[in-house]
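One predicted model, sequence on top.
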4 protein chains.
Amino acid sequence: MTLKMDAGALQTFLDEQFEQVARDYIVEEAQPMAVRVRLQVGEHNLRPGGTISGPAMFALADVGVYLAILAMIGPVALAVTTGASIDFMRKPQAGRDLIGEARLLKLGRALAVGDVLIRSEGSDEIVARASVTYSIPPAR
Amino acid sequence: MTLKMDAGALQTFLDEQFEQVARDYIVEEAQPMAVRVRLQVGEHNLRPGGTISGPAMFALADVGVYLAILAMIGPVALAVTTGASIDFMRKPQAGRDLIGEARLLKLGRALAVGDVLIRSEGSDEIVARASVTYSIPPAR
Amino acid sequence: MTLKMDAGALQTFLDEQFEQVARDYIVEEAQPMAVRVRLQVGEHNLRPGGTISGPAMFALADVGVYLAILAMIGPVALAVTTGASIDFMRKPQAGRDLIGEARLLKLGRALAVGDVLIRSEGSDEIVARASVTYSIPPAR
Amino acid sequence: MTLKMDAGALQTFLDEQFEQVARDYIVEEAQPMAVRVRLQVGEHNLRPGGTISGPAMFALADVGVYLAILAMIGPVALAVTTGASIDFMRKPQAGRDLIGEARLLKLGRALAVGDVLIRSEGSDEIVARASVTYSIPPAR
């Protein structure tokens, strides 16, 4: 399996197409069927008490699987999320970025499924786990 | 069942405790075990093409179940989301707010479970469906 | 919306096509986008202590959404489950059948999504809640 | 981390406590926070066309996480499933057993969360993926 987009190409795509959120994410690594993404935690991701919001973690999982798909099939696809499940297991560590490791479990013609493990930077403990399903449009 | 917080009290709580997101949500109605919340769609909720982002819908579901719990047990609880699943079924209608109808299916001492139906304002079609589980801390 | 299969036709289909499980289920009612199914609880559905097993409830949810789809599109479709989420909320009441109320939230050309509420017969309390996604093959 | 129950002890527990399903499962390996279980596919697990039923795969995931918990905390716990999500990704290969690899992502005092990858024996392709949450009763 070869990549159609590497980490740099994914980052450029994100910066251009999703300007409103792109500043939040750094594509750290892209491999076949797997991508690692960093969420740069900022004020707008925090909840009272300084913890990172659940929706911010959901968004990290969602973008992680999306980028893992694009890495394999290229920037043409208008994939849309059709479903997701997420478990929040521990409070993230204060003042640290989050690292999401997404891998594709299935990349079919019409559906792709990936899962994501989220940790605080520098920690082994899993903060959240998510699985995300994307529908891939036929014309690609 | 009587409410410990009505729609006005929930709105005030949201405005004070979650200032960063409170401007997005309007608590339209609170009933026993059920709350209706409006997401005022703004630039920061949109994706390329003008569609509302998945994480914005996830956040609406999450806050809807949270408010339905607070309506029943009052503002003292530090409930945290432990898990959620969401299905995205249709594209929301352009230029319309989203309405989330949350209901509690279980309100136990330690766990609460709710589900949420999300529609575009003025439409009967369901845009997304979510279920959300909260852990409720013992001291209440 | 008219039904392509009513409760009797669904029961006959189940009895013929799924003989190994058909004896477990009674199709009680079929309406547009909604079906009510009874799980006749037997020894093989029970766990130590006499409670109904989680997989038996999962199976009830799965078959409920399946029958709701068939009621709308007829017996030709070879729909397959692509995903499901389920929350178990209360212990079912001993010695009672389970009633599953399935409704379709989306019936698209390629994907259908339904949710199911499960109660013990004669009780208002929700024992479990599930959502189930089916992939519908193109040729129908 | 040391195991409170090894593969043999888990198998004995299963055989004694869950006689109705125990014949279906073989505990192949137990490690800290991880268990591998085989589903011996029989007639009662099949659907028309010879494919393994979704509920049978759900049950394999459920028992896999359960056994991974017992391996860590011992046979005293009356853990109950509170929620699960599952994605079915490929048709299992005909005439082969299923292998479920369960690992615990969190083992807290009150909640445990695990995920499971299911493959056909001798194949690398993932047939299904599940995550399962258990509530652990306080007295242990």
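It's in.

Mind checking the pLDDT average for stretch A:67-77?
Per-residue pLDDT values over stretch A:67-77 give a mean of 90.

does any part of it sit near chain B?
No. Residues of stretch A:67-77 are not located near chain B by Cβ under 8 Å from any Cβ of the partner chain, the shortest gap being 12.1 Å. Where C-beta positions appear, they are placed from N, C-alpha and C, glycine not excepted.

May I see the buried residues of that stretch?
Neighbour-count burial for stretch A:67-77, counted by 16 or more other Cβ atoms under 10 Å in any protein chain shown, picks out A:67-72, A:77.

Output those as CSV; include the columns secondary structure.
As requested, the buried residues of stretch A:67-77 are arranged in CSV below (DSSP: H, G, I helix; E, B strand; the rest coil):
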residue, secondary structure
A:Leu67, helix
A:Ala68, helix
A:Ile69, helix
A:Leu70, helix
A:Ala71, helix
A:Met72, helix
A:Ala77, coil
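
so what's A:Arg47 up against?
By Cβ atoms under 8 Å, 6 or more residues apart in numbering or on different chains, the residues touching A:Arg47 are A:53, B:18.

And for A:Ala112?
Contacts of A:Ala112 (Cβ under 8 Å, 6+ apart): A:65, A:69, A:79, A:104, A:106, A:133-134, A:136.

now, which of the residues you listed sits nearest B:Ala34?
Nearest to B:Ala34 among the contacts of A:Ala112 is A:Thr133, at 28.5 Å by Cβ to Cβ.

In which helix or strand does that closest one reside?
A:Thr133 is part of strand A:126-135, with elements assigned from DSSP states H and E.

That strand and chain D, any residue contact?
Yes. Shown here: strand A:126-135 in contact with chain D (Cβ under 8 Å from any Cβ) through A:126, A:129, A:131, A:133.

how would you label the nearest residue to the first one once chain neighbours are set aside: helix, strand or coil?
Excluding its sequence neighbours, the residue lying closest to A:Ile126 (Cβ to Cβ, 6 or more residues apart in numbering or on different chains) is D:Leu105, at 5.0 Å. Reducing the assignment to helix, strand or coil with three-state DSSP, the entry for D:Leu105 is strand.

From what I see, D:Leu105 and A:Arg129 are in contact.
Yes. Assessed by Cβ atoms under 8 Å, D:Leu105 is found in contact with A:Arg129 at 5.6 Å.

Between those two, which contacts overlap?
A:87, A:89, A:117, D:113, D:115.

How many neighbouring residues does the first one have?
A total of 27 residues lie near A:Asp87 under the criterion other Cβ atoms under 10 Å in any protein chain shown.

pLDDT score for it?
98.

hang on, it in a helix?
No. Counting by three-state DSSP, A:Asp87 falls outside a helix, being strand.

From D:Val113, how far out is it?
Per Cβ to Cβ, to the nearest Å, A:Asp87 is found 5 Å from D:Val113.

And the second one, by the same measure?
Distance, A:Met89 to D:Val113, by Cβ to Cβ: 6 Å.

Between the two, which contacts overlap?
A:129, D:105-106.

most neighbours, which of the residues you listed?
A:Arg129 (23 neighbours).

How about that one, nearest residue that isn't a chain neighbour?
Of all residues not flanking A:Arg129 in the chain, A:Asp87 sits nearest, at 5.0 Å (Cβ to Cβ, 6+ apart).

wait, what's in contact with the one you found?
A:128-130, B:82-83, D:105-106, D:113, D:131, D:133.

all strands in chain A, in order from the N-terminus.
For chain A, the strands defined by DSSP state E occupy A:25-31, A:34-39, A:80-88, A:98-107, A:111-120, A:126-135.

Okay, angle between the fifth one and strand A:126-135 too, please.
Regarding strand A:111-120 and strand A:126-135, their directions subtend 160 degrees when assessed with axes from the mean of the first three to the mean of the last three Cα atoms, to 10 degrees.

Mind exporting the C-alpha coordinates of strand A:111-120 to PDB?
Extracted C-alpha coordinates of strand A:111-120, given in PDB (Å, rounded to 0.1, in the frame of the first residue of the first chain):
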ATOM      1  CA  LEU A 111     -17.800   2.700   3.700                       C
ATOM      2  CA  ALA A 112     -14.600   3.200   5.700                       C
ATOM      3  CA  VAL A 113     -14.300   2.400   9.400                       C
ATOM      4  CA  GLY A 114     -11.500   3.600  11.700                       C
ATOM      5  CA  ASP A 115     -10.800   3.700  15.400                       C
ATOM      6  CA  VAL A 116      -8.800   6.200  17.400                       C
ATOM      7  CA  LEU A 117      -7.000   6.100  20.700                       C
ATOM      8  CA  ILE A 118      -6.500   9.500  22.300                       C
ATOM      9  CA  ARG A 119      -3.800  10.200  24.900                       C
ATOM     10  CA  SER A 120      -2.300  13.300  26.600                       C
END
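
starting at the chain centroid, how far to that strand?
For strand A:111-120, the separation from the chain centroid amounts to 7 Å (computed by Cα atoms, centre = their mean, to the nearest Å).

for the first one, same thing?
Averaging C-alpha coordinates over strand A:25-31 and over its chain gives two centres that are 9 Å apart (Cα atoms, centre = their mean).

do the last one as well
Using Cα atoms, centre = their mean, we find the averaged C-alpha position of strand A:126-135 to lie 8 Å away from the chain's own average C-alpha position.

and it with strand A:80-88, angle?
Using the same axes, to 10 degrees: strand A:126-135 against strand A:80-88 is 160 degrees.

Against chain C, how distant is A:Asp62?
Using Cβ to the nearest Cβ, to the nearest Å, A:Asp62 is found at 16 Å from chain C.

next one: A:Ile86
In terms of Cβ to the nearest Cβ, A:Ile86 sits 11 Å off from chain C.

correct me, but that residue touches A:Val127?
No. Using Cβ under 8 Å, A:Ile86 makes no contact with A:Val127, being 10.8 Å away.

Residues of chain A that sit close to chain B?
A:17-18, A:20, A:43-44, A:46-48, A:53-56, A:58-59, A:62, A:80-89.

rerun at 6 Å
A:17, A:48, A:54-55, A:58-59, A:62, A:81-88 (Cβ under 6 Å from any Cβ of the partner chain).

how far away is the residue nearest to the spatial centre of chain A from A:Arg36?
With distances taken as Cα atoms, centre = their mean, A:Gly64 lies nearest the centre of chain A, 1.6 Å away. Counting by Cβ to Cβ, the separation of A:Gly64 from A:Arg36 is 8 Å.

got the residues of chain A near chain C?
Going by Cβ under 6 Å from any Cβ, the residues of chain A near chain C are A:83, A:85.

Neighbours of A:Pro48, how many?
Around A:Pro48 there are 11 residues (other Cβ under 10 Å).

now do A:Ile99
21.

show me what contacts A:Ile69?
Residues near A:Ile69 by Cβ atoms under 6 Å, 6 or more residues apart in numbering or on different chains: A:79, A:112, A:134.

got it, and A:Met1?
Here A:Met1 is in contact with A:Pro32 (Cβ under 6 Å, 6+ apart).

how much space is there between it and A:Val35?
Counting by Cβ to Cβ - A:Met1 and A:Val35 are separated by 13 Å.

what do you get for A:Val63?
Distance of A:Val63 to A:Val35, computed by Cβ to Cβ: 9 Å.

How about A:Gly122?
The gap separating A:Gly122 from A:Val35 is 20 Å, by Cβ to Cβ.

So between the two, which is more surrounded?
More crowded of A:Gly122 and A:Val35, by other Cβ under 10 Å: A:Val35, with 30 against 9.

The residue in chain A positioned nearest to chain D: what's it in contact with?
Going by Cβ to the nearest Cβ, chain D is nearest to A:Ser85 of chain A, at 3.7 Å. The contact partners of A:Ser85, by Cβ under 6 Å, 6+ apart, come to A:131, B:85, C:85, D:85.

one more time with 7 Å
A:130-131, B:85, C:85, D:85, D:131 (Cβ atoms under 7 Å, 6 or more residues apart in numbering or on different chains).
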